[in-house]
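Colleague: Need a 3D model of the sequence below.
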Amino acid sequence: MAAFLRAAKGLGQAARAMGRAMSIAAVPERKVAILGAAGGIGQPLALLMKMNPACTELALYDIANMPGVAADVSHVNTRAQVKAYSGDELKECLSGADVVVIPAGVPRKPGMTRQDLFKVNAGIVKSLVEEIAKTCPTACINMISNPVNSTVPIAAEILKRHNVYDKRKLMGVTTLDVVRAKTFYAERMGLNIGEVDVPVVGGHAGITILPLWSQATPSSEILKDDVEQLTKRTQDGGTEVVQAKAGKGSATLSMAYAGALFADACLRGLNGQKSVIECSYVESTACPGVDYFSTKVRLGANGVEEIYPIGDINEYEKEALDSMVPELNASIETGVKFAAENK
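Modeller: From the prediction side, this is the model:
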């Protein structure tokens with residue numbers, strides 16, 4: 001365990017807390033399936049999940065290049081047994097899965113919005129969720145494929161069609177927004193990043209991403225200009241990476257890290273750890289008039305056990321919240337409409 005904790009610092013405080021709470025021998029057997037495991041997010045995500053002691057079986061699926069990725073990851077000397085699946089082996093990959101993480105899809109390119117991705121990624125998500133509905137309908141689904149604001153509603157409609165929808169088990173991964181907000185806040189305010197928390201509410205694209213600096217801890221006096229700059233940088237974090245990579249990639253490493261953090265939180269919740277709290281985009285009534293919304297949630301044996309309210313926010317945040325609602329609702333409607341038209 002000590003070796004794992006030294007190697008897995010990147011999994012953050014959540015993973016370290018789990019490591020202190022239980023020995024490897026005490027961890028129940030849990031199968032994690034990653035769909036899109038050969039991609040830019042999928043490969044580092046597979047490595048991070050191989051390093052997680054709560055994962056005992058790691059099923060890696062993609063349309064191609066899986067044997068090499070799986071062989072590479074399998075050489076890491078940790079507990080999880082790695083198996084590769086490709087092509088028409090999706091059912092076998094998903095069989096018995098406790099957590100299914102979906103980073104599958106095309107990456108963002110310069111000038112591309114998350115909506116541009118929708119045309120391709122919506123079809124990919126549809127086909128994957130169709131099989132999840134048939135093979136492992138009780139698994140926790142961690143949706144990474146963009147645009148999350150639309151792909152989560154697509155998945156919900158497909159699961160409803162198969163009569164297996166459980167809103168507690170379908171979660172949009174917005175953890176990267178939280179990771180960025182924490183990083184930028186700590187840097188700007190000169191704080192110890194290991195002690196920083198910044199809730200991020202709304203969705204997972206542009207102005208629908210709303211960091212709540214008024215609820216940040218440790219609390220620090222933050223100027224209006226800093227609020228605006230930090231908010232804008234958090235909202236445009238993906239674009240910042242796309243531009244920095246000059247057309248040769250998108251936010252893959254940081255997204256894999258965020259995806260691993262959230263998957264780890266799901267596993268800890270399933271395994272009975274108390275007070276596992278993360279932000280996630282789920283079916284929610286936290287924001288009146290919006291069907292899917294991200295706030296802090298408590299994860300447990302049944303997935304999302306509790307959805308927390310937005311809480312007290314200041315005038316700047318209230319205005320930002322009001323401004324995001326039309327765009328978020330439009331994205332949700334786009335997903336619902338796609339699912340209805342593609343049965």
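Colleague: residues near the nearest residue to Tyr308 once chain neighbours are set aside, how many?
Modeller: Nearest residue to Tyr308, sequence neighbours excluded (C-beta to C-beta, 6 or more residues apart in numbering): Lys296, at 4.3 Å. Bear in mind the C-beta positions are built from the backbone N, C-alpha and C, glycine included. Counted with other C-beta atoms under 10 Å, the neighbours of Lys296 add up to 22.
Colleague: The one 5 residues further on now?
Modeller: Using other C-beta under 10 Å, Ala301 has 11 neighbouring residues.
Colleague: Apart from its chain neighbours, what residue comes closest to it?
Modeller: Leu270 (5.9 Å).
Colleague: ok, now which ones touch the residue nearest the centre of the chain?
Modeller: Note on the chain: the residue nearest the mean C-alpha position is Val173, at 2.1 Å, using C-alpha atoms, centre = their mean. By C-beta atoms under 8 Å, 6 or more residues apart in numbering, the contact list for Val173 reads 101, 142-144, 148, 204, 258-259, 262, 280-281.
Colleague: hmm, try it at 7 Å
Modeller: With contacts defined as C-beta atoms under 7 Å, 6 or more residues apart in numbering, Val173 is in contact with 142-144, 148, 258-259, 262.
Colleague: same deal with Asp226?
Modeller: Residues near Asp226 by C-beta under 7 Å, 6+ apart: Arg188.
Colleague: distance of it from Val336?
Modeller: From Asp226 across to Val336, the span is 38 Å (C-beta to C-beta, to the nearest Å).
Colleague: hmm, back to that, got a quick ChimeraX command for the buried subset of the contacts of Val173?
Modeller: To isolate the buried ones among those in ChimeraX, judged by 16 or more other C-beta atoms under 10 Å, type:
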select :142,143,144,148,258,259,262
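Colleague: Give me the domain ranges for the protein.
Modeller: Following automatic domain parsing, one gets these domains for the chain: 2-172, 175-334.
Colleague: Any idea which of the ones you listed gets closest to Lys343?
Modeller: For those, the distance to Lys343 is smallest for domain 2-172, at 7.2 Å, taking C-beta to C-beta.
Colleague: Would you pull up how far the closest one lies from the middle of the chain?
Modeller: In terms of C-alpha atoms, centre = their mean, to the nearest Å, the centre of domain 2-172 is set 10 Å apart from its chain centre.
Colleague: One more: stretch 265-274?
Modeller: That offset, for stretch 265-274, works out to 16 Å (C-alpha atoms, centre = their mean).
Colleague: Same check on stretch 315-333?
Modeller: Using C-alpha atoms, centre = their mean, the offset of stretch 315-333 from its chain centre is 21 Å.
Colleague: can you list the residues that contact that stretch?
Modeller: Contacts of stretch 315-333 with the rest of the structure, by C-beta under 7 Å, 6+ apart, involve 147, 149-150, 153, 202-203, 205, 207-208, 210, 212, 214, 227, 289-292, 313.
Colleague: And that stretch, what's buried?
Modeller: 317, 320-321, 324-325, 327-329, 331-332.
Colleague: so where do the strands sit in the stretch 51-200 of the chain?
Modeller: Remark: strands assigned in the stretch 51-200 of the chain by DSSP state E, counting those that start in this stretch are 57-62, 81-86, 99-102, 140-143, 170-172, 200-202.
Colleague: These into TSV, with extra columns for distance to Asp236 and mean pLDDT?
Modeller: Below are the strands of the stretch 51-200 of the chain laid out as TSV (distance: least, C-beta to C-beta, whole Å; pLDDT from 0 to 100):
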stretch	distance to Asp236	mean pLDDT
strand 57-62	29	98
strand 81-86	35	98
strand 99-102	24	98
strand 140-143	21	98
strand 170-172	19	98
strand 200-202	14	98
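Colleague: mind checking which of these is nearest Ala46?
Modeller: Closest to Ala46 of these, according to C-beta to C-beta: strand 57-62, at 5.6 Å.
Colleague: Report all helices and strands that the closest one contacts.
Modeller: Strand 57-62 is packed against strand 31-35, helix 42-50, helix 66-74, strand 81-86, helix 90-94, with contacts defined by 3 or more C-beta pairs under 7 Å, 6 or more residues apart in numbering; DSSP states H and E.
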